[in-house]
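Trainee: just to be clear, the model below is a prediction. Sequence and coordinates:
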Amino acid sequence: MNLRRVSAIVLRQIDLMRSSPTRVVPLVAWVAIDIVLWGFITRYLGSLSAHGPDFTLTLLGAVLLWDFFGRIMQGVTTAFFEDVWSRSFLNLFASPISVSEYVAGLVATSVLTSCISLAVMLLLARFAFGLSLLAFGLPAAGFLAVLFLFGIALGIFASAVVLRLGPASEWLVWPIPALLSPFAAVFYPLHVLPQWMQWVAHALPPAYVFEGLRALAAGRGVEPGTLLLAAALALLQIALALGFFVRVFRGALRSGLLARYSAESVA
Amino acid sequence: MTAPITARTDTAPPALDVRDITKGYAGKAAVRGISLRVEAGEIVGLLGPNGAGKTTTINMILGLLAPDSGQVLITGLDLARQRAAALAMVNFQASYAPLPGNLTVRQNLLFFARLYALAQPARRVDELLESFKLTALARTRCGLLSSGEQARVALAKTLLNRPRLLLLDEPTSSLDPATADDLRRMIRDLAARNGCAVLWTSHNMLEVEQVCDRVLLLARGRVLLQGDPRRLAAEHGDASLEDLFIRIAREPLAHGVDA
C-alpha cells in the first residue's frame, strides 16, 4: 500500500473543505442541532424525575454516540461521492491507485471529518449540558472504537452499493443509520424488542454499545468481553464490506460500468 | 482480420503491446481481436467511425475495462497482473474525463501528482504550471475555466508522471486552431525528445497526417488497415485519408469486416 496515494484522497478532501465552507457546515451543523435538541429534552425529563434515571447520561450520551457513528459512515460515503459528483472515476482509476489504497483513503478521510464532528459534539455536550465522555470512564474508548469500526464497515458497503447501482442510488445511503437505529436499540433496552428484532440486533455492534451505556448509567459495569465481541463483529463486517466493494469494482471493470459511470448510464 | 504487428526495432519492450484483445457487451462484440504495438517515440493514430471500438480499446489499455480475452502489456508489464506498476507508466486525456471542477488548477494537479506517488509533487506541479502558462490560473477552480484552458490543464496533468505512454482521445477537439497547433508541436516534441509513445485518436484527418507516424483504421471492432497516414490513402486508391475514412465508415463489409 502506497501512503502517498492514500494521502492524496485525504488531502483532496481537505482542499475541498478549505475552498468550500459548505462542505464543513454539515460536519458540525447537524450534530450541533441534535445535541442542543436532545440536551433540552434530557434536561426537561430530568426535571420531571429528579430521583429517576440519569437521562443526561443515557439519552444525551446515546445521541452523541449515535451521531458519531453516523458521521463516520458519512465520512466514507461523502468522500466517495466527491468522485461520483465530479465524474472522476476515469482519471482516478486510470492512475496507479489500487482499490485498497482508495478505500483506505476514504476511511482516513472519514477519521478526519468525524473527529471534527466529535470535537464539536463533545464541546457542546460538556459546556451546554454538562455531559462529559469521561463520565463513561474507560468503556467510552471501547464504545467509540466499536462505533468507529461499524461506521467504516457500513460506509464501505454503502459506497459499493452506489458504485454498483449508480449515482441515483445515493438516496438509498443517507437513511441507513435511521433504518438501523430501531434495531440498534439506541434509546431503549434490547429486551423491549420483539424476538426477531433482537436477533437482528445481535448482529449489529452498536446494540452492544448502547446496552453497555445503559448498564453504566444504571451503575452496573460493562463486560469487556461484550465490547470485544462487538469489536470482532465490526471487524468481520469491515472485511465483508471490503470484499463486497472489491467484488463490485471487479464486476464494474468487466461490465464496463466503471468506464461509463454516470447517472444516465448505470441501471 | 487481425492487423499485422509492426516489426520491433530494438530489444526493449514496446511502450504498448496489445495482444488479440476482445470485448463484448450483452453478447455483442465491441472489440474483436485487436493487436497493436506502439514503440517508444512513436505517435500512432487510432481512427475509426463512431462505434468502431476506439474508446473500448482505450479503456482496456487504461485498465478501466477488463478484456474478455487477450493481453495488454505496457513497457513489458502485464496490466492484468502488475496494474499499479503498468499504470504508473501511462497517462491520458479525454474530453469525456474532466478533472474535478471544484478543485483549483493547482489542487487538481497536486491531487494527481500524489496519485502517481511523485517524490516532489509540488515542484513538478510548479514546473508544469509554468511550461503550460497556467501559473496565473493556478488558484482558479477548473470548473470556471474555458474549455481551452481546461484542455491545457488536462494536458499538464497527463505529463505529471513523465509517462512512457500517452493516450490522447481527441485532444484538440475543444481548442482553437492556434492552441491546437501548439499542442501538436508539443506532443511531437515530447515523442521525439523523451521517447514518449503516443496513441492519438482524432476525427481530424489533416491533423492525423500532420502528427501521426502511423495510423490504424478500426471498423466494427477490428483493425482494418494500418500504415503511414501520408501514403495510406493512395495505396488504397483514395484521394485523401478523409476519403478513405469515409469509404470505410460507409462500407466496412467491402473491406473484409463481417457483420
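Mentor: Sure, I can see it.
Trainee: identify the residues contacting the residue most central in space within chain B.
Mentor: Central residue of chain B (CA atoms, centre = their mean): B:Leu167, 2.4 Å from the mean position. B:Leu167 makes contacts with B:Ile58, B:Ile61, B:Leu62, B:Val90, B:Asn91, B:Phe92, B:Gln93, B:Ala94, B:Val198, B:Leu199, as judged by CB atoms under 8 Å, 6 or more residues apart in numbering or on different chains. In this view, the C-beta of every residue, glycine as well, is placed from N, C-alpha and C.
Trainee: which ones among those lie within helices?
Mentor: For these, the ones inside helices are B:Ile58, B:Ile61, with DSSP state H as the criterion.
Trainee: how many residues are close by the residue in chain A positioned nearest to chain B?
Mentor: In chain A, the residue found nearest to chain B is A:Ala8; the distance is 3.4 Å by CB to the nearest CB. Counted with other CB atoms under 10 Å in any protein chain shown, the neighbours of A:Ala8 add up to 26.
Trainee: what sits against it?
Mentor: Going by CB under 8 Å, 6+ apart, A:Ala8 touches A:Ile97, A:Gly105, B:Phe111, B:Phe112, B:Arg114, B:Leu115.
Trainee: residues in contact with A:Leu172?
Mentor: Neighbour list for A:Leu172: A:Ala158, A:Val161, A:Val162, A:Leu165 [criterion: CB under 8 Å, 6+ apart].
Trainee: let me have those residues in TSV, extended by pLDDT, secondary structure and distance to A:Gln237.
Mentor: Output for the contacts of A:Leu172, formatted as TSV (pLDDT from 0 to 100; DSSP: H, G, I helix; E, B strand; the rest coil; distance: CB to CB, whole Å):
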residue	pLDDT	secondary structure	distance to A:Gln237
A:Ala158	94	helix	12
A:Val161	92	helix	14
A:Val162	90	helix	18
A:Leu165	88	helix	20
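Trainee: most neighbours out of those residues, which is it?
Mentor: Busiest of the contacts of A:Leu172 [other CB under 10 Å] is A:Ala158, holding 24 neighbours.
Trainee: now B:Pro49, what's its secondary structure?
Mentor: coil (DSSP: H, G, I helix; E, B strand; the rest coil).
Trainee: then B:Val72?
Mentor: B:Val72 - assigned by three-state DSSP - is strand.
Trainee: now it, nearest residue through space, not along the chain?
Mentor: If the residues on either side of it in the chain are set aside, B:Val72 comes closest to B:Leu79, at 4.2 Å by CB to CB, 6 or more residues apart in numbering or on different chains.
Trainee: what's around the one you found, how many residues?
Mentor: Counted with other CB under 10 Å, B:Leu79 comes out at 22.
Trainee: pretty sure it is touching B:Leu87, no?
Mentor: Yes - the pair formed by B:Leu79 and B:Leu87 meets the contact definition of CB atoms under 8 Å, at 7.5 Å.
Trainee: so for the two, which residues contact both of them?
Mentor: Contact criterion CB under 8 Å, 6+ apart; residues shared by B:Leu79 and B:Leu87: B:Gly63.
Trainee: give me phi/psi at the residue nearest to B:Val72?
Mentor: phi -60, psi -40 (degrees, to the nearest 10).
Trainee: ok, now which ones touch it?
Mentor: B:Ile61, B:Gly63, B:Gln71, B:Val72, B:Leu73, B:Ala86, B:Leu87.
Trainee: also B:Leu217?
Mentor: B:Leu47, B:Gly48, B:Val223, B:Leu224, B:Leu225, B:Gln226, B:Leu232, B:Leu244, B:Phe245, B:Ile248.
Trainee: most neighbours of all those residues, which one?
Mentor: B:Leu47 (28 neighbours).
Trainee: how about that residue, nearest residue that isn't a chain neighbour?
Mentor: Here the residue nearest B:Leu47, using CB to CB, 6+ apart, is B:Leu217, at 5.1 Å.
Trainee: against chain A, how distant is the one you found?
Mentor: B:Leu217 sits 23 Å away from chain A, going by CB to the nearest CB, to the nearest Å.
Trainee: the contacts of A:Ala8: which two are farthest apart?
Mentor: Across those, the longest distance by CB to CB is 13.7 Å; it joins A:Gly105 and B:Phe112.
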